[in-house]
Structure formats: C-alpha cells, structure tokens
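1. sequence? don't have it. structure:
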C-alpha cells in the first residue's frame, strides 16, 4: 500500500504519518516512511534515536555528485536527469522495528521550479519506490506535490489531505486537491483532524463540499504529554483504534 499525506503545516500531518506507519507495523507489515517535507520531523514522530543527527539526502553533496554527475545546487549545469537510485534505500534508510525511514530534505526551488540535481535525485527516488518498492509506503509531503510526477501517480493508493476545522486549513486542502487533479492523482481523500465536537465535522463537510473524508480523528489532550515523554502516540487509545480503521477505509475506497 502506497499512501501520500499532505496538508497545511501544523494540521498534525506528520503525527498522522507516524501513526499510519506504526499501525501498519502492528499489522505485521514492512513499511518505508519517506519524509519529503522541508520541515523534516517524521524521525521525531516515529521516535527514532538522534533525529537531529540525520543528514537528509538533499544535503549529501557526495551522493548527489555520485548519482547525477553534478554539484549540489548547480542550477543550469549538465547532469543526469534519470539517475540510478535503486541502491539508495538499502544504503540510507534508518531502522525502527519494521519501519524504515528515508529523509529527503528540502530543496530550494528557485521560484518557478527547480532544475537542480538534488531535486532530480529526490523525485527519481520517490518515483522508484512507488513503482518498485515491495514494502508499504507512507510519504509525508508538503502542501505542494512536486515530487509526485505524472508517471507515478497511478501507483499512489491514496493521497490523504489532513484538514483541521479552520478556514485556513480548508483553503490549503482545496489547493492540494486542485494540484492533485492537475497531475492526475485519482484517489484523493480527506482526513479531518483535531475534532472536538460534531460541529467541527459539519464545518469541514460544508467547507470542503464534495470532498470525501475517510476519517475524523479526535483531538487528544494526551498527545503533547506523550510527545514530551518520548512515548509513541500510537499508544493513545483513540489513535490506536482510529489508525487501523483508517487503513481499512483506504483499502475499501480503492476497491469500491
């Protein structure tokens, strides 16, 4: 199962990615987690040791030179547009149980797009994993979907857009849906987060119109406490119940 997760920063997107990974792991499945957000925090959410010591792939100058033939940050230089990336997962994933993490890192896209080698490398790697990886895959993305190119979108079982019950979050979610339509991502669903009352669900349904929601996740006062203590938020009972149900809904939506 290949799941990409997007949405406005601060909506709980990274936490939901970590919860999905741990739910799949609890079901006995191998998972590769991809942190493709420029504000890379998935290692923290997964509880990996020494997350500050992780060097993102986009920052590895030697790797970029090895794979593309160009120096990191060299705009307009000649380099390989289809680098060989099949060995990267084995070399650079970080392990935690049955969950393995790859941190992509941020790329300065220079305004209207990026013709830099690190961007080409990251996009090629995500495409390779979507098309060839045997593990389940959860991708923590920004609100932009630049890494999901037209040639691999059919391999995404679901693009989940995390939405809080707020105007700003809904505006971002509608933009993500429009971007997904532009690159022909066919299976785009909403996940309402930090729901405190039925009125929050009604608000999201009203603001998002025909957008199909697969789940509405409750607000939890325990989340901050668990994060401070370094405990897995998957242990919070409401999340432990909600995540397997969300995965089942993804499967049902794709088979329906």
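-> Arrived safely. This one's a predicted model, so the numbers in the text were calculated from it and none came from an experiment.
2. Any figure for the gap between residue 193 and residue 85?
-> Residue 193 sits 32 Å away from residue 85, going by Cβ to Cβ, to the nearest Å. C-beta here means a position set from N, CA and C on the backbone, and glycine is covered the same way.
3. Which parts of the stretch 151-256 of the chain are helices?
-> For the stretch 151-256 of the chain, helices defined by DSSP state H, counting those that start in this stretch occupy the ranges 167-182, 198-208, 222-229, 237-255.
4. could those helices be laid out in CSV, adding mean pLDDT and mean neighbour count?
-> Converted to CSV, the helices of the stretch 151-256 of the chain look like this (pLDDT from 0 to 100; neighbours: other Cβ atoms under 10 Å):
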stretch, mean pLDDT, mean neighbour count
helix 167-182, 93, 17
helix 198-208, 97, 15
helix 222-229, 83, 12
helix 237-255, 87, 15
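5. Turn those helices into CSV, including distance to residue 102.
-> Compiled in CSV, those are given as follows (distance: least, Cβ to Cβ, whole Å):
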stretch, distance to residue 102
helix 167-182, 22
helix 198-208, 31
helix 222-229, 22
helix 237-255, 21
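6. Mind checking those helices for the one nearest to residue 55?
-> When the helices of the stretch 151-256 of the chain are compared by Cβ to Cβ, helix 222-229 sits nearest residue 55, at 23.6 Å.
7. can you give me how far the closest one is from the chain middle?
-> Averaging C-alpha positions (Cα atoms, centre = their mean, to the nearest Å) puts helix 222-229 22 Å from its chain's average.
8. outside of it, which residues touch it?
-> For helix 222-229, contacts defined as Cβ atoms under 8 Å, 6 or more residues apart in numbering pick out 15, 232, 233, 235, 236.
9. Now go through the residues you listed and say which are in strands.
-> Using DSSP state E, no member of the contacts of helix 222-229 falls within strands.
10. In a markdown table, list the residues you listed along with pLDDT.
-> As requested, the contacts of helix 222-229 are exported to a markdown table (pLDDT from 0 to 100):
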| residue | pLDDT |
| --- | --- |
| 15 | 92 |
| 232 | 76 |
| 233 | 82 |
| 235 | 82 |
| 236 | 86 |
